[in-house]
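Trainee: Just need the structure, nothing else, for what follows:
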Amino acid sequence: ANVTVTDLEELQELLLVNIENNKHLVTGSVRAKVLKWGEDVTEFQPPPDYILMADCIYYEESLEPLLKTLKDLTGPDTRVLCCYEQRTMGKNPEIERKYFELLQVDFELERIPLDKHDEEYRSEDIHIVTIHRKQ
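Mentor: Now for the predicted structure:
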């Protein structure tokens, strides 16, 4: 696969270190790019086949920019795989509820049952959801 890993500007160096440390596992290509949620995604077009999200649901102010970016990045055939840890402290349950409520305006989702998760890494508080644009 040809992969683009993204994060904020201040984390690009860490992304590059991780790419270097894992280059022996890469059979396609991998590059690091800055992606700030809510901003222009023209340089990431055409829409990717897959988007992998890990632990992106945690900060209420970031929900709308994250959802805007997902809408801007996805095409009709893009599949999003979202993995997150369900957190029960403070405002986290409300943030999670709001995220999925807003997400379902433009996207359909399917929760992956725990028995389908990797045996070594599965946990009751780790959830995986597949997401795609509504037709």
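
Trainee: these two touch, right, residue 75 and residue 47?
Mentor: Yes - when contacts are counted by CB atoms under 8 Å, residue 75 is listed as touching residue 47 (3.1 Å). For glycine as for every other residue, the C-beta is placed from the backbone atoms N, C-alpha and C.

Trainee: between those two, who's got more neighbours?
Mentor: Comparing residue 75 with residue 47 by other CB atoms under 10 Å, the one with more neighbours is residue 47, at 15 against 12.

Trainee: What are the phi and psi values at that one?
Mentor: Backbone torsions for residue 47, taken as degrees, to the nearest 10, come to phi -60, psi 140.

Trainee: In terms of pLDDT, where does it sit?
Mentor: Reported pLDDT at residue 47 in the predicted model: 95.

Trainee: close enough to count as contact, it and residue 77?
Mentor: Yes - the pair residue 47 and residue 77 qualifies as a contact (CB under 8 Å) at a distance of 7.5 Å.

Trainee: which residues are in contact with stretch 109-121?
Mentor: Applying CB atoms under 8 Å, 6 or more residues apart in numbering, the contact partners of stretch 109-121 are 82, 100, 103, 122, 124, 126, 127, 128, 129, 130, 131.

Trainee: change it to 10 Å
Mentor: Applying CB atoms under 10 Å, 6 or more residues apart in numbering, the contact partners of stretch 109-121 are 80-83, 100, 103, 122-124, 126-132.
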